[in-house]
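[1] Got a sequence here, can you build the structure:
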Amino acid sequence: MFVDRTRIYIQSGKGGDGHVSFRRELYVPNGGPDGGNGGKGGDVIFEVDKGQNTLGDFRYNKKYVAESGCEGGKRRCAGKNGEDLIIKVPEGTVIYDDETGKIIEDMSGDTVRALILNGGKGGRGNMNYATSTMQAPQYAQPGQEAQGLWIRLELKVIADVGLVGFPNAGKSTFLASVTRARPKIANYPFTTLNPNLGVAYLDGGESFVIADIPGLIEGASEGVGLGFEFLRHIERTRVIIHLVDVAGLEGRDPVEDIKQINTELSAYNSSITNKPQVIAANKTDCLTPEDLEEVIAKIKETFPETEVFPISAATGDGVKPLLYKVKQMLDELPEADMRFEPEVDTRELFDRPDEPIYTGKEGDGHTFTVTGPRVDKMLGYTNLESEKGFLFFQEFMEKNGVIKELKKLGLAEGDTVKVGDYLEFEYFEGQDFE
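    Residues are numbered from 1 along each chain as shown. Modelled structure (predicted):
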């Protein structure tokens, strides 16, 4: 069954707790702390599987949880890291935050693998807390909590050309005649229940991908019929072939049909109507030459800026000139990135602006601290060794005015800044924190 939209819950693994233990060996009566660190929780990673073309695998399983890290052990043994959870999706799948509707990632183009949720960092064992004044610490750090999120997956097919028109306009017949696709063809509404893809081959080995967008009727953009379920598949296309039944075999007016389909496209997403479009006036074999000439003249008069091609998908008449025109339009268009840009970083979804950030100054006057639950969470889910993670850290410091607050306390160049339990750096004026 073709499924192009679903809602699932994903959760990363919790970090393993640090361990509290002490050396107990013969002839070592006062052994020091040797509790090991907890393991890191597993990440949630999405990966493109080009062998998939539907989200049907998500129909019955709605919850996906990565493995948690194990607790640290005695003798400074670190806990095992949790296994990452890899979720495979078809190319063209867009991942949304279900609550805000913002795009987290678009699994297309160069993005074939994306880390969506970070596993929690493992807690530090008591071996890390021994000092000259605290030689037997009874404390170990708990592991970072898991991240959980409801997301929405939408499959938006990737094709050069979108084929639109009312049911029974002949889209499936056209697709079958110009490609090797074999869609179901019959004379009743909604024959096509899923987007069909086909490759149109031209002389010289040139080709382009056509997507038959099904279910468009009046009111489709408002959810009438099946149109709303499939309009998303036209968003990535670069050129639109608007197929219309010029013979009016269903008792419809071809000019009004074109107007209504364009209205539905614009109502769903106004940018779609800016895409280059050609009109394929289909079923010419069902009209006399006089009647055909009259209806084509009416279409050209109503839509003077759109080129019209009289064709018969059933017999193949007029199809080749249409295909070559579409290929020419594709060649003249600049190469566009059909990806949807991410609108939110998942780490931002777990940030609680109402939780305080504390800034302080230690006794030597040259060491400053940044602490608080928000800081701990940010560090727990940010890989500072990666460029993306370090940029996120800088944005966090800037957005929350942390450096400004430290400067009020006397922060100067060369001073040390300790951020939470994990990070310590020397401050220089040239750092991009503001």
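
[2] hang on, T54 packs against G92?
    No - counting by Cβ atoms under 8 Å, T54 sits too far from G92 to count as a contact (10.9 Å). No exception for glycine: its C-beta is placed from N, CA and C like everyone else's.

[3] Mutual contacts of those two, please.
    Residues touching both T54 and G92 (Cβ atoms under 8 Å, 6 or more residues apart in numbering) are L155.

[4] The two: which is more packed in?
    For T54 versus G92, neighbours defined as other Cβ atoms under 10 Å are more numerous around G92 (22 against 15).

[5] show me what contacts the more buried one?
    Here G92 is in contact with M107, S108, L155, K156, V157, I158, R236 (Cβ under 8 Å, 6+ apart).

[6] With respect to I87, which of the residues you listed is nearest?
    M107 (10.0 Å; Cβ to Cβ).

[7] tell me the contacts of the closest one?
    F46, V48, V89, P90, E91, G92, T93, V94, I95, A114.

[8] So which of these sit within helices?
    Of those, none are assigned to helices by DSSP state H.

[9] Checking the closest residue to G143 other than its chain neighbours next. Helix, strand or coil?
    Counting by Cβ to Cβ, 6 or more residues apart in numbering, G143 lies nearest to G15, which is 2.9 Å off, once chain neighbours are set aside. Of the three states, G15 takes coil under DSSP: H, G, I helix; E, B strand; the rest coil.

[10] Tell me where the stretch 101-250 of the chain has strands.
    103-107, 113-117, 148-155, 161-164, 196-201, 207-212, 239-245 (DSSP state E, counting those that start in this stretch).

[11] Okay, now the sheet partners of the third one, with direction.
    Counting by DSSP bridges, the strands paired with strand 148-155 are strand 5-11 (antiparallel), strand 93-97 (antiparallel).

[12] how far out from the middle of the chain is the longest one?
    So the one you mean is strand 5-11. Taking Cα atoms, centre = their mean, to the nearest Å, one finds the center of strand 5-11 at 12 Å from the center of the full chain.

[13] ok, now the last one?
    The gap between where strand 93-97 is centred and where its chain is centred comes out at 4 Å by Cα atoms, centre = their mean.

[14] still on that earlier bit, so for the residue nearest to G143, what's the pLDDT?
    If you check G15, the pLDDT there is 93.

[15] Now do it: how many residues are near it, please.
    G15: 30 neighbours (other Cβ under 10 Å).

[16] Also the one 3 residues further on?
    G18 sits with 26 neighbouring residues when counted by other Cβ under 10 Å.

[17] what stretches of the protein score poorly on pLDDT?
    Along the chain, segments meeting pLDDT under 70 span 1-2, 26-30, 180-195, 215-230, 336-337, 422, 430-434.

[18] Helices of that one, start to end?
    With DSSP H as the criterion, the chain has helices spanning 171-178, 227-230, 254-268, 289-302, 319-332, 346-349, 373-380, 387-399, 402-408.

[19] rewinding a little: can you put the strands of the stretch 101-250 of the chain in TSV and add distance to E335?
    Shown next, in TSV, are the strands of the stretch 101-250 of the chain (distance: least, Cβ to Cβ, whole Å):
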stretch	distance to E335
strand 103-107	17
strand 113-117	23
strand 148-155	23
strand 161-164	15
strand 196-201	19
strand 207-212	13
strand 239-245	13
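
[20] Buried deepest among these, which one?
    Among these, strand 161-164 has the highest mean neighbour count (mean count of other Cβ atoms under 10 Å), at a mean of 26.

[21] quick one, domains of the chain?
    1-155, 161-332, 352-426 (automatic domain parsing).

[22] Select, out of these, the one closest to R339.
    Counting by Cβ to Cβ, R339 lies closest to domain 1-155 out of those; the figure is 4.7 Å.

[23] Need the domains of the chain in TSV (columns: distance to E341).
    Formatted as TSV, these follow (distance: least, Cβ to Cβ, whole Å):
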stretch	distance to E341
domain 1-155	7
domain 161-332	13
domain 352-426	15
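
[24] among these, which is nearest D345?
    domain 352-426 (6.4 Å).

[25] Give me the distance between the two termini of that closest one.
    27 Å (Cα to Cα, to the nearest Å).

[26] Just give me the neighbour total for the closest residue to W150 other than its chain neighbours.
    Spatial nearest neighbour of W150, chain neighbours left out: D98 (4.1 Å); criterion: Cβ to Cβ, 6+ apart. By the measure other Cβ under 10 Å, the count of residues near D98 is 14.

[27] Distance check, D98 against N81.
    28 Å (Cβ to Cβ, to the nearest Å).

[28] tally of neighbours for F425?
    11.

[29] Let me see the contact set for it.
    Contacts of F425 (Cβ under 8 Å, 6+ apart): T416, V417, V419.

[30] Write a ChimeraX command that selects only the buried members of those.
    In ChimeraX syntax, the buried subset of the contacts of F425 is picked out as below (16 or more other Cβ atoms under 10 Å):
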select :417,419
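
[31] out of the contacts of F425, who's nearest A280?
    Nearest to A280 among the contacts of F425, with distances taken as Cβ to Cβ, is V419, at 61.6 Å.
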